[in-house]
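[1] dropping a prediction and its sequence here:
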Amino acid sequence: MGDDRRGPARRRLLAVSIPLGVIAAAAVVGNALAPTLVVNHPLLLLALNTTTRHLVLTSTSVDFVPYLLVGLGRRLLEDPFLFLLGRWYGDDAIAWVDAKVGGGRVLAFVQRNFHWVGWLLVAVVPGGVVCVLAGASRMRTAVFLVLNVGGTVATILALRRFGDVFAGPVDATVTFVGDNVVVLTGLSIFLTGLFVLRRRRRRSPGVAGRDAPR
């Protein structure tokens, strides 16, 4: 009977962990190759990794419609999986996030008060931790989706507007990157690899048992 229960539970975990792993890997690749991509393939950069920096740097080189659609799709891509992770695993998912990215007292404070500020956080800063907390707090799925999509659209439009207003400095930055693309790409690959290695080493043996929610 125990094996019968573990089967569906394992499939449910794989249903969120595999997509999240693929998305995370794409983000690492996009970050590592960002100098080359922002110059030669800006839309591909957005498809891989839509950080605020990347959205600003591509705002003058990508047409509005693909910028909005790809930026929105990529920015939202992982959020439903993180929401489900929180919904299905509750406190275990929050502990897993804390072990991965830290948070400590701040995370505990936000968790205690999420029923008051959750809607604002989902709309304004719907990052991974917030999406997990939204799921764990049993926020209604429809409310989460409306706040998440609406807030993300507003953020992307604001960053697009920012890029338009400061088009001169943005273009100058991209030109500088293009003039030094080989060196900057090599440096970016090195720093990204170093960051990944440091994160892996930071996981202590005591946390190994919480590498994934159960």
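    Structure received. Numbering: from 1, shown residues only.

[2] C-alpha only now, for contacts and for neighbours.
    OK.

[3] can you give me the strands for this protein?
    Read by DSSP state E, the chain holds no strands at all.

[4] point out where it drops to low pLDDT.
    1-8, 102-103, 202-214 (pLDDT under 70).

[5] in the longest helix that it contains, what counts as buried?
    Looking across the chain with DSSP state H, the single longest helix is helix 2-32. Neighbour counts over helix 2-32 (16 or more other Cα atoms under 10 Å) mark Leu13, Val16, Ser17, Leu20, Ile23, Ala26, Ala27, Val28, Val29, Gly30, Asn31, Ala32 as buried.

[6] again with stretch 30-42
    Gly30, Asn31, Ala32, Leu33, Ala34, Pro35, Thr36, Leu37, Val38, Val39, Pro42.

[7] from what I see, the fifth one and Leu44 are in contact.
    No: because the distance of 9.7 Å does not satisfy Cα atoms under 8 Å, Ala34 is recorded as not touching Leu44.

[8] how close does Leu197 get to Val28?
    12 Å (Cα to Cα, to the nearest Å).

[9] quick revisit: in CSV, list the buried residues of stretch 30-42 along with distance to Val146.
    Formatted as CSV, the buried residues of stretch 30-42 follow (distance: Cα to Cα, whole Å):
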residue, distance to Val146
Gly30, 28
Asn31, 29
Ala32, 32
Leu33, 33
Ala34, 31
Pro35, 34
Thr36, 35
Leu37, 32
Val38, 31
Val39, 34
Pro42, 28
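
[10] count of neighbours near the closest residue to Val153 other than its chain neighbours?
    Closest residue to Val153 apart from its sequence neighbours, by Cα to Cα, 6 or more residues apart in numbering: Leu72 at 6.6 Å. A count of nearby residues for Leu72, using other Cα atoms under 10 Å, gives 21.

[11] and Thr141, by the same measure?
    14.

[12] and the one 3 residues further on, by the same measure?
    Here the number of neighbours of Phe144 (other Cα under 10 Å) works out to 23.

[13] mind starting the numbering at 575 from now?
    Okay, residue one is now 575; in that scheme the one you just asked about reads as Phe718.

[14] hmm, Leu694 and it touching each other?
    No: with contacts counted by Cα under 8 Å, Phe718 stays clear of Leu694, the gap being 10.6 Å.

[15] give me the contact list for stretch 620-634.
    597, 600-605, 612, 616-617, 619, 641, 644-645, 648-649, 730, 733-734, 736-738, 741, 744-745, 747-748 (Cα atoms under 8 Å, 6 or more residues apart in numbering).

[16] list the contacts of the closest residue to Leu758 other than its chain neighbours.
    The shortest distance from Leu758 to any non-neighbouring residue, by Cα to Cα, 6+ apart, is to Pro609 (6.2 Å). The neighbours of Pro609, taking Cα under 8 Å, 6+ apart as the test, are Val751, Gly752, Val755, Leu758, Thr759, Ser762.

[17] now Pro609: how far from Ala600?
    Taking Cα to Cα, one finds Pro609 at 15 Å from Ala600.

[18] next: Leu659.
    Counting by Cα to Cα, the gap from Leu659 to Ala600 is 20 Å.

[19] next one: Asp665
    28 Å.

[20] do Val612 as well
    For Val612 relative to Ala600 (Cα to Cα), the value is 15 Å.

[21] check Arg735 too.
    From Arg735 to Ala600 the distance is 26 Å (Cα to Cα).
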